[in-house]
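**Q** Quick check, what structure comes out for this input:
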Amino acid sequence: MGSLQLKSIRKAYGTHDVLKGIDLEVKDGEFVIFVGPSGCGKSTLLRSIAGLEDVTSGAVLINGTDVTVTPPAKRGISMVFQSYALYPHLTVKDNMGLGLKQAGTAKDEIDNRVEKASSMLSLAPYLARRPAELSGGQRQRVAIGRAIVREPELFLFDEPLSNLDAALRVQTRLEIARLHRSLKATMIYVTHDQVEAMTLADKIVVMNAGAIEQIGSPMELYNRPANVFVAGFIGSPQMNFIPAEKLEQSGAKTVGIRPEHITLSREQGTWAAKVIHVEHLGADTIIYLESDQTGLLTARLFGEHKYEPDETVYATPDTGHMHRFDENDQAIRA
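**A** Residues are numbered from 1 along each chain as shown. As a prediction, this is how the structure comes out:
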């Protein structure tokens, strides 16, 4: 399909830099996700790849060809947006095939591609329907199908699941993952949801304030975050951060421990703490604690556990899973 190279991509509006010199390489067939908080520049970066935003400086290369000033329609990309952007008066079949029709593709070829894409996305029974007759999830699948039939070099997704409810997000996420395996296509996907990023990506690009904080596989970012920002952004509930001086940890400013790496006991343990709040989730129990030694702590226990607010407990961290960060919030590697 397609490879992508970004070389020192900078995007500025006046004196405000939205993208601050982005360098990135995406290999043929990879599923890469840009993730980060609102305003970090991830959608601007995606739109710069698509050609919907002109870059201030730097170069965009697709399959080794410089497309920095190439119009979007000639970059060999297909984009799926947060909004479905379907024509209400056209059927599913016509919506999916419209771009090919406008490009002058033969009718038989359009029919073949639409049939293939609709089969992949379980849309075959709905080809004669119009968007108003479809659910939100079905409409998003039509938008994805419209991208598939163009057989692009790159698929670009801009927060495609944001308008769906929780159950449909999970279902559509699974369909996108299956689609990637089936097409072996290069996909670049933007989301603010780190769960989406962790479950879909081959490689995650964590962005903050227009710059890349870390690039790696989901578990690389989870197990070896480069800094406090990545450690706090990846993982739910968020990693606990404790001033190192409170734990008498020399050579570090901050110590991090994930909620699932803390055990609780009513008898004894490392830190005495008071239960503030308990969330019973069935498969997990999330317990919020206050300790004089550490401040606010979150513990995640597997299964159902009976703890009550104001109860005194003892929290013990798994020291083998502690993360240490220096005065610049960078990870200290052992």
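
**Q** strands paired with the helix or strand harbouring Val278, and their directions?
**A** Here Val278 sits within strand 271-280, counting by DSSP states H and E. Each strand paired with strand 271-280, and its direction, by DSSP bridges: strand 284-291 (antiparallel), strand 312-317 (antiparallel).

**Q** Arg224: which of those strands is closest?
**A** strand 312-317 (17.8 Å; Cβ to Cβ). (Glycine included, C-beta is placed from N, CA and C.)

**Q** got the CA positions of that closest one in CSV?
**A** Output of strand 312-317 as CSV, limited to C-alpha atoms (Å, rounded to 0.1, in the frame of the first residue of the first chain):
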residue,chain,number,x,y,z
THR,A,312,-8.0,2.4,57.3
VAL,A,313,-6.0,0.1,55.1
TYR,A,314,-2.3,-0.6,54.1
ALA,A,315,-1.1,-0.1,50.6
THR,A,316,2.0,-2.0,49.3
PRO,A,317,3.6,-1.1,45.9
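
**Q** Could you list the single helix or strand in this protein with the lowest mean pLDDT?
**A** helix 166-183 (a mean of 85; mean pLDDT, DSSP states H and E).

**Q** Give me the neighbour count for the residue lying closest to Asp94 once chain neighbours are set aside.
**A** Distances taken as Cβ to Cβ, 6 or more residues apart in numbering place Tyr87 nearest to Asp94, at 7.6 Å, with adjacent residues excluded. Using other Cβ atoms under 10 Å, Tyr87 has 11 neighbouring residues.

**Q** buried set for stretch 21-30?
**A** Residues of stretch 21-30 classed as buried by neighbour count (16 or more other Cβ atoms under 10 Å): Ile22, Leu24, Val26, Glu30.

**Q** got the contact list for the strand holding Val278?
**A** Contact with strand 271-280 is made by 285-294, 296-297, 304, 307-317, as judged by Cβ atoms under 8 Å, 6 or more residues apart in numbering.

**Q** If we use 10 Å, what do you get?
**A** Identification of contacts with strand 271-280 by Cβ atoms under 10 Å, 6 or more residues apart in numbering yields 237, 242, 246-247, 262, 264, 285-301, 304-317.

**Q** Output that strand in CSV with nothing but the alpha carbons.
**A** Provided in CSV are the C-alpha atoms of strand 271-280 (Å, rounded to 0.1, in the frame of the first residue of the first chain):
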residue,chain,number,x,y,z
TRP,A,271,1.7,2.9,53.5
ALA,A,272,-1.2,3.4,56.0
ALA,A,273,-4.1,5.0,54.1
LYS,A,274,-7.7,6.0,54.4
VAL,A,275,-10.3,4.9,51.8
ILE,A,276,-11.8,7.9,50.1
HIS,A,277,-14.0,6.3,47.5
VAL,A,278,-14.6,2.9,45.9
GLU,A,279,-15.8,2.1,42.4
HIS,A,280,-17.2,-1.4,41.9
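
**Q** helix or strand for the most centrally placed residue in the chain, which one?
**A** Taking Cα atoms, centre = their mean, the centroid of the chain lies closest to Ala197, which sits 3.0 Å from it. Assigned by DSSP H and E, Ala197 belongs to helix 194-200.
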